[in-house]
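Trainee: Sequence below, structure please.
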Amino acid sequence: MLLVDASSSGEFGTFERMKGEIAVEICALLAFSAIKNNDKVGLIIFTDRSRNSSPPGRAKATCLGC
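Mentor: Now for the predicted structure:
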């Protein structure tokens, strides 16, 4: 399971990259690696007000570049 904090705390960083953008890249890297190893990947995106989730699964059909 990957947990992503999408609250306003991710809205800072440098002019080139924001904290939230780096978090997305890290999650994508971990998800692609897990799928390549035939593991299941789930995602929970949360803020201080809401939460969205995707249950663990294998999605090689939708994995671009795998």
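Trainee: drop to CA atoms for contacts and neighbour counts, all remaining ones
Mentor: Will do.
Trainee: mind listing what Asp5 touches?
Mentor: Counting by CA atoms under 8 Å, 6 or more residues apart in numbering, Asp5 touches 45-47.
Trainee: Return the subset of those residues lying in strands.
Mentor: 45-46 (DSSP state E).
Trainee: The contacts of Asp5 into a markdown table, with extra columns for neighbour count and distance to Asn38?
Mentor: Formatted as a markdown table, those follow (neighbours: other CA atoms under 10 Å; distance: CA to CA, whole Å):
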| residue | neighbour count | distance to Asn38 |
| --- | --- | --- |
| Ile45 | 15 | 23 |
| Phe46 | 15 | 26 |
| Thr47 | 13 | 29 |
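Trainee: how about the helices in this protein?
Mentor: Counting by DSSP state H, the chain has these helices, from start to end: 19-36.
Trainee: if you average pLDDT over stretch 12-24, what comes out?
Mentor: For stretch 12-24, mean pLDDT is 80.
Trainee: can you check stretch 56-66 too?
Mentor: Stretch 56-66 comes out with an average pLDDT of 53.
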